[in-house]
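>>> build me a structure from this.
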Amino acid sequence: MNLKEKINSFPKTPGIYLMKDRDNNIIYVGKSKKLQNRIKSYFTNSKSHSRKVQRMVKGIHDIEIIETDTELDALLLECEYIKKIKPMYNKLMKNHENYSYIKIDTKKEYPYIEVVEEIDDDSIYFGPYTSLKNLEKIKEILNENYKLRRCKKMNKCLNYDLNKCIGPCRESISQKEYKTIIDSVISDLKGDSEHIIDILTQNMNKEISSLNFEKASMIKDDINKIKSLFNRQEVINSSVDKDVKISLNEVNDDTCKVYIIYKGKILKSEIIDKNKLKMFDKEEYIKENISENIESDDFSDYVDKYDIDFMNIIYNYIK
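Numbers count the residues shown, from 1 in each chain. As a prediction, the model looks like this:
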């Protein structure tokens, strides 16, 4: 059976497909709600495909499929295979190399903001976020507008003289007052408030009133960077919130598959008869199928950057 005949024999059901080269190496893993239709699309209208896809298709000598119950199952299986095999043409699940965190160690007398690549202690972390360059810029925006401590050694640097720092090293502010400011920063980064947006907006309006439109435009760019960070944090918060989610996916005319999702992880899944949906009670189902002590289970409040792509896929699918 040649490759074309093999593709025509594939089912139009959910699953993943493994593209293989001449040496039987997996070069690409994909998923689809209808396997045959998706795989055929690689070999039709090739001129409309990107150069990368055209190059990949030329190297395909065999295709293996794995059927799944639902599209969500296919998504999850695709993630597992990509993370394990790391095929050359897949970008998904490789973004962790570019992720970083914003860190604040509240145990310090006068905490400061850091940008780090790993979670290595019990400080407060936000993220992970892409683009180290943008994170450094956001750190600068927060430092500038809250006038936070920037030096690690508290050595009476020039920032205080230049009005760029509130001056804890000069004893110009108490620990209690400084903590109030840090709490505002943390509240902003959590997405609970928008103090920094208010500060920046006021500054922008002052520059507009003074006809300093170039400066106002620069502040507007800062506002957009902060808002982008807030939007990203909202997605992360939704991925790890403490609400248990239920997702129902149709398998066929008679059955569906129910998933229990907690902090971006699938705790349980099973196929049920559609007739049971009339009597389906979400709260009761959760109580019957997961531990009452779920809060004490080993679920971190932080998102590991190695799992963020996987969690985003689940979150976006449910959304």
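
>>> for Ile27, what are phi and psi?
Torsion angles at Ile27 (phi, psi; degrees, to the nearest 10) stand at phi -100, psi -10.

>>> what of Cys79?
Dihedral pair for Cys79: phi -60, psi -50, per degrees, to the nearest 10.

>>> cool, Tyr262 as well?
The phi and psi values for Tyr262, taken as degrees, to the nearest 10, are phi -140, psi 120.

>>> show me the residues around the closest residue to it other than its chain neighbours that make contact.
Nearest non-adjacent residue to Tyr262, counting by C-beta to C-beta, 6 or more residues apart in numbering: Val244, 5.1 Å away. Bear in mind the C-beta positions are built from the backbone N, C-alpha and C, glycine included. Contacts here follow C-beta atoms under 8 Å, 6 or more residues apart in numbering; on that basis Val244 touches 260-262, 267, 286, 290, 294.

>>> turn those into JSON lines, including neighbour count.
Shown next, in JSON lines, are these (neighbours: other C-beta atoms under 10 Å):
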{"residue": "Ile260", "neighbour count": "19"}
{"residue": "Ile261", "neighbour count": "22"}
{"residue": "Tyr262", "neighbour count": "19"}
{"residue": "Leu267", "neighbour count": "18"}
{"residue": "Ile286", "neighbour count": "18"}
{"residue": "Ile290", "neighbour count": "15"}
{"residue": "Ile294", "neighbour count": "14"}
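
>>> make TSV from those residues and add secondary structure and pLDDT to it.
Output for those, formatted as TSV (DSSP: H, G, I helix; E, B strand; the rest coil; pLDDT from 0 to 100):
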residue	secondary structure	pLDDT
Ile260	strand	86
Ile261	strand	82
Tyr262	strand	77
Leu267	strand	82
Ile286	helix	80
Ile290	coil	73
Ile294	helix	57
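
>>> nearest to Ile27, of those residues?
Using C-beta to C-beta, Ile261 comes nearest to Ile27 of these, at 31.2 Å.

>>> pull the number of nearby residues for Asn143.
Counted with other C-beta atoms under 10 Å, residues neighbouring Asn143 total 18.

>>> wait, it sits on Glu136?
No. Judged on C-beta atoms under 8 Å, Asn143 makes no contact with Glu136 at a distance of 10.5 Å.

>>> follow-up on the earlier one: ok, which pair from the contacts of Val244 is furthest apart?
Ile261 and Ile294, at 12.0 Å, using C-beta to C-beta across these.

>>> which stretches in the stretch 1-150 of the chain count as helices?
3-8, 35-41, 51-58, 71-85, 132-146 (DSSP state H, counting those that start in this stretch).

>>> list the buried residues of the helix or strand following the last one.
So that's helix 132-146. Moving toward the C-terminus from helix 132-146, the next helix or strand (DSSP states H and E) is helix 175-190. Residues of helix 175-190 classed as buried by neighbour count (16 or more other C-beta atoms under 10 Å): 178, 181-182, 184-186, 188-189.

>>> check stretch 100-119 too.
100-104, 110-113, 115-116, 119.

>>> which of the buried residues of helix 175-190 sit farthest apart?
Tyr178 and Leu189 (16.7 Å).

>>> give me the domain ranges for the chain.
Following automatic domain parsing, the chain resolves into domains at 3-93, 97-239, 245-299.

>>> can you confirm Asn312 is in a strand?
No. Counting by DSSP: H, G, I helix; E, B strand; the rest coil, Asn312 is located in no strand; its state is helix.

>>> just the pLDDT for it.
For Asn312, the pLDDT comes out at 70.

>>> now Tyr99
80.

>>> give me the secondary structure label for Ser247.
What three-state DSSP gives for Ser247 is strand.

>>> what about it, distance to Glu114?
Ser247 sits 37 Å away from Glu114, going by C-beta to C-beta, to the nearest Å.

>>> how close does Lys263 get to Leu77?
With C-beta to C-beta as the criterion, Lys263 and Leu77 are 20 Å apart.

>>> same check, this time on Ser32
12 Å.

>>> okay, those two: which has more neighbours?
Ser32 (21 against 18).

>>> which residue packs closest to the more buried one, ignoring adjacent ones?
Counting by C-beta to C-beta, 6+ apart, the nearest residue to Ser32 once its immediate chain neighbours are dropped is Arg38, at 3.5 Å.

>>> what does Ser131 give?
Spatial nearest neighbour of Ser131, excluding adjacent residues (C-beta to C-beta, 6+ apart): Asn98 at 7.2 Å.
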